[in-house]
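> for reference, the sequence and a predicted model appear below.
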Amino acid sequence: NAGVTQTPKFQVLKTGQSMTLQCAQDMNHEYMSWYRQDPGMGLRLIHYSVGAGITDQGEVPNGYNVSRSTTEDFPLRLLSAAPSQTSVYFCASSSPPGAEAFFGQGTRLTVV
Amino acid sequence: AQSVTQLDSHVSVSEGTPVLLRCNYSSSYSPSLFWYVQHPNKGLQLLLKYTSAATLVKGINGFEAEFKKSETSFHLTKPSAHMSDAAEYFCVVRPFRGANNLFFGTGTRLTVIP
């Protein structure tokens, strides 16, 4: 079972560049989300989606865009990368209510 | 408001001794609570979850946690630490049944000394 797949695993960007982090799940989960992980801060929610065509902002949405055209895919776009966006990004999916989230392996992004 | 507090940022134990990782939560409703483990350069794996059934929850790899509503705690324990338990552990709360979002603690790094 593939579960939640993120690509790429590693990425280096220059300040001002844009890119898309890909996330796909094969469990037919309605709910998908993006988190960033920074040292000493746990995981913080960037954006989430409760189904195709529906997205909403999390705790730290600035500088990021998302879309959800299908149940399976939930890409995260960095519009103009900044060094403050250097982080590890995790995509997750779940089937609510009350169920656990399944996480991808993460994308380590460095912005120089 | 809901939040999760992991009381120790770093815990160090000797192999074969008990493990205690502490977590307190605040929620105005009946929450679901989870413990996740993250090994170096890996994703997060679910250890166990509490969703209003039995208050003592058993998870994978010999871990268990007890939901104590009166103390708003959900501490993670294991009777005997193994070297492979060295990792980062996250306490996570879903504030109420059907809530969309999870709230993460800041994590506890467990070191196991041979």
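Arrived safely. This is a predicted model, so every value here is computed, not measured. Residues are numbered from 1 along each chain as shown, chains lettered A, B, ... in the order given.

> give me phi/psi at the residue nearest to A:Q85 when sequence neighbours are not counted?
Leaving aside its sequence neighbours, A:Q85 sits nearest to A:V111 (CB to CB, 6 or more residues apart in numbering or on different chains; 5.3 Å). C-beta coordinates here come from the backbone N, C-alpha and C atoms, glycine included. Main-chain torsions, A:V111, degrees, to the nearest 10: phi -110, psi 120.

> let's check: the centremost residue of chain B is which one?
Closest to where the C-alpha atoms of chain B average out (CA atoms, centre = their mean) is B:W35, at 3.5 Å.

> who does it form a beta bridge with?
B:L48, B:C91 (DSSP bridges).

> so it makes contact with B:K78?
No. B:W35 is beyond contact range of B:K78, at 10.9 Å (criterion: CB atoms under 8 Å).

> any shared contact partners between the two?
B:F63 (CB atoms under 8 Å, 6 or more residues apart in numbering or on different chains).

> so which strand or helix has the residue at minimal distance from the centre of chain A?
Most central in chain A under CA atoms, centre = their mean is A:W34, positioned 3.0 Å from the mean C-alpha point. Using DSSP states H and E, A:W34 sits in strand A:31-37.

> that strand - contacts with which helices or strands?
strand A:19-25, strand A:43-51, strand A:87-94 (3 or more CB pairs under 8 Å, 6 or more residues apart in numbering or on different chains; DSSP states H and E).

> in the shortest one, what counts as buried?
Residues A:21, A:23-25 are the ones in strand A:19-25 that count as buried (16 or more other CB atoms under 10 Å in any protein chain shown).

> please enumerate residues in contact with it?
With CB under 8 Å, 6+ apart, strand A:19-25 has contacts from A:2-8, A:11, A:13, A:32, A:34, A:72-78, A:81, A:89, A:91, A:93, A:102, A:104, A:107, A:109.

> make it 10 Å
Strand A:19-25 is contacted from outside by A:2-8, A:11, A:13, A:31-34, A:64-67, A:70-79, A:81, A:89-94, A:102, A:104, A:107, A:109, A:111, using CB atoms under 10 Å, 6 or more residues apart in numbering or on different chains.

> quick one, it and strand A:31-37 angle?
Relative orientation of strand A:19-25 versus strand A:31-37 (axes from the mean of the first three to the mean of the last three CA atoms, to 10 degrees): 130 degrees.

> immediately after the helix or strand harbouring B:E66, which helix or strand?
Taking DSSP H and E as the definition, B:E66 sits inside strand B:64-68. Per DSSP H and E, the first helix or strand lying C-terminal to strand B:64-68 is strand B:73-78.

> now do that following strand, average pLDDT.
Strand B:73-78 shows a mean pLDDT of 97.
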